[in-house]
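**Student:** no sequence for this one, just the structure:
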């Protein structure tokens, strides 16, 4: 059963990943808010984290981050690592509440997106790049976090489908029977 | 069911370490990863193309909403600028031809000596920390990693990644970009510095030319006075230009406060220096000095350069098929 679920998970995540990646590369790079590129892939990853928990969020972040690196020509693993941390951070809040309200999920998505985005320049610095930390990050972080929060009501149901997550009450009923 | 457990922490650590491992492999250069990247590009390209088609109306709507006023104003300014530059263009064309003839006579290479491939921009960097663009020409068209990318105005960047049908170009504003450059004296100064007067004496039966330099104060003898202007560029200084990010201008460092050929001034033109190890060929215009920053102690001067190419409005980019001597054969 776990193998089947894992296969469904990977297939759906990669499929949705291609779609959000395509949106990222086309519409998001053109429609900039205060000059900032909205991170749709990261928003999906943190939505997955907020919807399912830190482990699933981290795994989704890793897979989609690798796809992002492959598509954009960035060093392989750089975005995967930052999105792993972003997905993990978004799912972190789930330990306090099993089924959060929509605005709690949006807040978790915003926190996760800010963590994921801040790790991008951190990893760049670790790989020897200079000049990536500037005053611009003060604009980038709020815009990326806010956009992830706004997109979360749309992306969370998609993430639930992609990660094959069932609602909490169904899980409880299953467990009882 | 707990949503957090030490097991999940282990998963995250494992994923982070895997990312680090891949990152290390990729940065050191790995053919397997290059193959994976190339394969992914083949699969992803049609999906991206479909995304472009689907998102095109939304993008156009956004652009028309965002840029209409700016474009109208810019259009008005450009019309005025075109009128002013029409006459300058004619003399500039003449100068270019002369320059190419002279370079050919002297056996020197110019930008026109190299082949080039023109590509259309098909994508921009999806991140907030890189200044990169993607063009629709790649290895199949002769493009190699490191080649310089230019447009009509000057240097745009360099090729950092090549797929069979596409390439990624790092712009000169990217923090990772660096290129050796030379700062030249303005054009008028070049002309004055290289003007000499020759007096050909009529009295000489054998038509021997007697050169007299006006600068020495010597009186010209009777005869035919001929003034020759040789275009000799005066390099004030050389240095390394580095990108500083999208919100800051590129800077040239390693500049001595006093140079042999006069002080560097605002407005001085900046060109690529070329050389056996530079990836860009010499004499590609890059920009003008906008600010001269004097730093304390022995740090020397730093120059802020305003690129001549408008990197925000790129549509087509020409990749110069030039590889320096150090790269050829590798």
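**Tutor:** Thanks, I have it. Model, not experiment: these values are computed from the prediction.
**Student:** isn't residue A:131 right up against residue B:246?
**Tutor:** No. Using C-beta atoms under 8 Å, residue A:131 makes no contact with residue B:246, being 11.0 Å away. Any C-beta I mention is one placed from the backbone N, CA and C, and that applies to glycine too.
**Student:** Show me the shaky parts of chain A.
**Tutor:** Regions of chain A meeting the criterion pLDDT under 70 cover residues A:1-2, A:97-98, A:167-177.
**Student:** Please enumerate the helices of it.
**Tutor:** Ranges of helices within chain A are A:2-23, A:29-30, A:40-52, A:54-72, A:78-92, A:102-126, A:137-162, A:168-176, based on DSSP state H.
**Student:** Distance to chain B for the ones you listed - can I get that in CSV?
**Tutor:** Shown next, in CSV, are the helices of chain A (distance: least, C-beta to the nearest C-beta, whole Å):
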stretch, distance to chain B
helix A:2-23, 3
helix A:29-30, 4
helix A:40-52, 8
helix A:54-72, 4
helix A:78-92, 4
helix A:102-126, 6
helix A:137-162, 5
helix A:168-176, 6
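**Student:** Serialize these to a markdown table and add fields for distance to residue B:273 and mean neighbour count.
**Tutor:** Formatted as a markdown table, these follow (distance: least, C-beta to C-beta, whole Å; neighbours: other C-beta atoms under 10 Å in any protein chain shown):
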| stretch | distance to residue B:273 | mean neighbour count |
| --- | --- | --- |
| helix A:2-23 | 39 | 16 |
| helix A:29-30 | 33 | 20 |
| helix A:40-52 | 40 | 32 |
| helix A:54-72 | 31 | 27 |
| helix A:78-92 | 31 | 31 |
| helix A:102-126 | 27 | 22 |
| helix A:137-162 | 33 | 20 |
| helix A:168-176 | 65 | 10 |
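**Student:** As TSV, the ones you listed with distance to residue B:40 would be great.
**Tutor:** Below are the helices of chain A laid out as TSV (distance: least, C-beta to C-beta, whole Å):
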stretch	distance to residue B:40
helix A:2-23	10
helix A:29-30	19
helix A:40-52	15
helix A:54-72	4
helix A:78-92	13
helix A:102-126	20
helix A:137-162	19
helix A:168-176	35
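**Student:** who wins for proximity to residue B:181 among those?
**Tutor:** helix A:102-126 (24.4 Å; C-beta to C-beta).
**Student:** could you check the angle helix A:40-52 makes with that closest one?
**Tutor:** 130 degrees (axes from the mean of the first three to the mean of the last three C-alpha atoms, to 10 degrees).
**Student:** How far does helix A:102-126 sit from its chain's centre?
**Tutor:** 8 Å (C-alpha atoms, centre = their mean, to the nearest Å).
**Student:** Then stretch B:143-163?
**Tutor:** With C-alpha atoms, centre = their mean, you get 8 Å for stretch B:143-163.
**Student:** Pick out the residue nearest the middle of chain A.
**Tutor:** Among the residues of chain A, residue A:45 comes closest to the average C-alpha position under C-alpha atoms, centre = their mean, at 1.7 Å.
**Student:** quick revisit: what about the helices of chain A, which gets the closest to residue B:46?
**Tutor:** helix A:2-23 (9.9 Å).
**Student:** How about residues contacting the closest one?
**Tutor:** Applying C-beta atoms under 8 Å, 6 or more residues apart in numbering or on different chains, the contact partners of helix A:2-23 are A:40-41, A:44, A:60, A:63-64, A:67-68, A:71, A:158-159, A:161-164, B:44, B:47-48, B:50-51, B:55.
**Student:** at 7 Å instead, please
**Tutor:** With C-beta atoms under 7 Å, 6 or more residues apart in numbering or on different chains as the test, helix A:2-23 has contacts from A:40-41, A:44, A:60, A:63-64, A:67-68, A:71, A:158, A:161-164, B:44, B:47-48, B:50-51, B:55.
**Student:** Kindly report the same for stretch B:155-172.
**Tutor:** Counting by C-beta under 7 Å, 6+ apart, A:73, B:38, B:41, B:119, B:122, B:131-140, B:143-150, B:176-177, B:243, B:250, B:272, B:279-280, B:284, B:286, B:307, B:309, B:311, B:314, B:317, B:319 sit against stretch B:155-172.
**Student:** From the residues you listed, which land in helices?
**Tutor:** B:38, B:41.
**Student:** Drop anything exposed from the contacts of stretch B:155-172.
**Tutor:** A:73, B:41, B:119, B:122, B:131-135, B:137-138, B:143-144, B:146-150, B:176-177, B:243, B:250, B:272, B:279-280, B:284, B:286, B:307, B:309, B:311, B:314, B:317, B:319 (16 or more other C-beta atoms under 10 Å in any protein chain shown).
**Student:** just checking, residue A:54 touches residue A:86?
**Tutor:** No. Taking C-beta atoms under 7 Å as the definition, residue A:54 is not a contact partner of residue A:86, at 10.8 Å.
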